[in-house]
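1. predicted model and sequence follow; I will ask about them next.
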Amino acid sequence: MSQKPMSPKPRVAVIGAGLGGAAVAALLQKAGYPTQVYEQAPEFSRLGAGIHLGPNVMKVMRQIGIEERLEAMGSHPDYWFSRDGVSGDYQSRIPLGEFAKREYGAAYITVHRGDLHALMVEALDPSQLHFDRRLTSVDDTGSEVIMRFADGNTETADLVIGADGVNSRIRETLLGAEDPTYSGWIAHRAIVDAEKLKAYDLDFESCVKWWSPDKHMMVYYVTGDQREYYYVTGVKTPDWQHGTSFVDSSKEEMREIFHDYHPVVQALIDCTEAVTKWPLLERNPLPIWHKGRLVLLGDACHPMKPHMAQGAAMAIEDAAVLVRSLEAVGPEHYADAFELYKTNRFERASRVQQVSHDNTWLRQEEDPAWVFGHDVTTQELKAP
Ligand code: FAD
């Protein structure tokens, strides 16, 4: 396909304003690319969920310009503890806190997902962010891309980034329709009012994962003032009959599943007001990440079980490497830039997918430097 010469900065469309889409759009806009973002949701709400942001992600947040605000907003655990779910015995103590700043070059924080997302969306030019725009089809004509939306509107762009999540329309355009695979695991998510926990004579650690072979519970604060504590589970569940989205769970269901777990976990369940459950979906590494003027990132490209807490991290790392690749090669050579991007992301994203699938991350003492110490903002880009 011939590559039509473009003005210095091509018009980019980002499909999806999730964490990956917001990151790539913010970086592109900072680098002077006219970037429109199309999001299917009518608005974003503060859904009850938390997220870990390791030093590898915080370095990208530094580039976006929101690192300090995130540091102020998040909880800063000194350790990631892994403990036996039943006996409470410690299996690993992974140092974070000051150690992470010193050794990995940025903070390790845990934060409310909605607060993080709001901050990232704020970093975008509001006039270029379009809600309620569900992409239904794309047509790469060779000289531009025509995008059609569910509301009947049509837009054009020079390059289109599919940051549209696990059921990506752009992925489908590149590779054909194929549902993601249900991993055989679900996740429960609940935010617990930390005030209620004061009634218990127990130690609620800042970041701890309670383990047993067929289930686990990851627990951490999602606000710097430690008012909101959060748990997210992984529970082996052969069948999931509710489609691809989440449904309500209950305290009773949590009690039943975690009946044999430590008193700290029982206290958390007692204090639970609302809890949801989610199917965990995956795909095998994709053979194609880009074609013509279309390119994928994040869950559209490499969805994974969340058992390393690195899914969004990989989307955000993708964003940084994609923008660096366009800048390194020159956006008029977008096909080369997209290949450079894939070359520098495929191995790492696939490895993280695999470790997440295996659910072994930090279960025992191990050196997490290959994940946390990585710096996508400065890594040498290796040629395809
Ligand atoms: P998404 O966040 O899915 O965003 C896609 C966006 O595209 C959405 O806003 C969607 O509305 C929009 N969209 C979709 N289709 C269209 C369309 N046709 N037109 C327009 N817009 C569209 N990751 C971490 O790094 N740390 C964690 O601690 C962590 N914990 C997790 C816990 C659980 C239980 C789960 C399920 C995941 C967790 N993850 C975590 C993973 C993380 O949530 C995902 O990897 C991340 O959200 C992927 O970001 P994304 O931008 O690629 O996709």
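-> That came in fine, so what should we check first? Note that the coordinates shown come from a computational prediction; the quantities given were computed from them, not determined experimentally. Residues are numbered from 1 along each chain as shown.
2. list the buried residues for stretch 231-249?
-> Residues of stretch 231-249 classed as buried under the neighbour-count rule (16 or more other CB atoms under 10 Å) are 231, 232, 233, 234, 235, 237, 240, 246, 249. Every C-beta, even on glycine, is put in place using the N, C-alpha and C of the backbone.
3. please disregard the earlier target; I meant stretch 67-81.
-> For stretch 67-81, burial by neighbour count (16+ other CB under 10 Å) applies to 67, 70, 71, 73, 74, 75, 76, 77, 78, 79, 80, 81.
4. who's in contact with the closest residue to the ligand within the stretch 51-200 of the chain?
-> The nearest approach of the stretch 51-200 of the chain to the ligand comes at residue 165, 2.9 Å away (CB to the nearest ligand atom). The contact partners of residue 165, by CB atoms under 8 Å, 6 or more residues apart in numbering, come to 16, 18, 298, 299, 300, 303.
5. let's see it at 7 Å
-> 16, 18, 299, 300 (CB atoms under 7 Å, 6 or more residues apart in numbering).
6. run a quick neighbour tally on the residue lying closest to residue 64 once chain neighbours are set aside.
-> Residue nearest to residue 64 in three dimensions, not counting chain neighbours: residue 26, with 4.8 Å by CB to CB, 6 or more residues apart in numbering. If you count neighbours by other CB atoms under 10 Å, residue 26 ends up with 27.
7. and residue 199, how many neighbours?
-> Using other CB under 10 Å, residue 199 has 10 other residues around it.
8. can you check residue 259 too?
-> Here the number of neighbours of residue 259 (other CB under 10 Å) works out to 10.
9. tell me the mean pLDDT over the helix or strand residue 229 falls within?
-> Element membership of residue 229 [criterion: DSSP states H and E] is strand 228-236. For strand 228-236, the mean pLDDT works out to 98.
10. partners of the helix or strand just after that strand in the sheet?
-> Toward the C-terminus, strand 228-236 is succeeded by strand 247-248 as the next helix or strand (DSSP H and E). Strand 247-248 has the following strand partners under DSSP bridges: strand 276-282 (antiparallel).
11. also near the ligand: which of the buried residues of stretch 231-249, exactly?
-> residue 232 (CB under 6 Å from any ligand atom).
12. show me which pair in the buried residues of stretch 231-249 is furthest apart.
-> Put simply, by CB to CB the two of those set farthest apart are 231 and 240, 19.9 Å from each other.
13. next, count neighbours for the closest residue to residue 181 other than its chain neighbours.
-> Of all residues not flanking residue 181 in the chain, residue 282 sits nearest, at 5.2 Å (CB to CB, 6+ apart). For residue 282, the tally of surrounding residues (other CB under 10 Å) stands at 19.
14. do the same with residue 263
-> Residue 263: 11 neighbours (other CB under 10 Å).
15. is residue 132 in a helix, a strand, or coil?
-> Put simply, residue 132 is coil when judged by DSSP: H, G, I helix; E, B strand; the rest coil.
16. so how far is residue 14 from the spatially closest residue to it that is not a sequence neighbour?
-> Of all residues not flanking residue 132 in the chain, residue 42 sits nearest, at 4.7 Å (CB to CB, 6+ apart). Residue 42 sits at a distance of 18 Å from residue 14 (criterion: CB to CB, to the nearest Å).
17. between these two, who's got more neighbours?
-> residue 14 (32 against 9).
18. in three-state terms, label that one for me.
-> strand.
19. got a list of what it touches?
-> 21, 24, 25, 35, 37, 161, 163.
20. let's have these in JSON lines, adding pLDDT, neighbour count and secondary structure.
-> As requested, the contacts of residue 14 are exported to JSON lines (pLDDT from 0 to 100; neighbours: other CB atoms under 10 Å; DSSP: H, G, I helix; E, B strand; the rest coil):
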{"residue": "21", "pLDDT": "98", "neighbour count": "29", "secondary structure": "helix"}
{"residue": "24", "pLDDT": "98", "neighbour count": "29", "secondary structure": "helix"}
{"residue": "25", "pLDDT": "98", "neighbour count": "31", "secondary structure": "helix"}
{"residue": "35", "pLDDT": "98", "neighbour count": "26", "secondary structure": "strand"}
{"residue": "37", "pLDDT": "98", "neighbour count": "27", "secondary structure": "strand"}
{"residue": "161", "pLDDT": "98", "neighbour count": "32", "secondary structure": "strand"}
{"residue": "163", "pLDDT": "98", "neighbour count": "33", "secondary structure": "coil"}
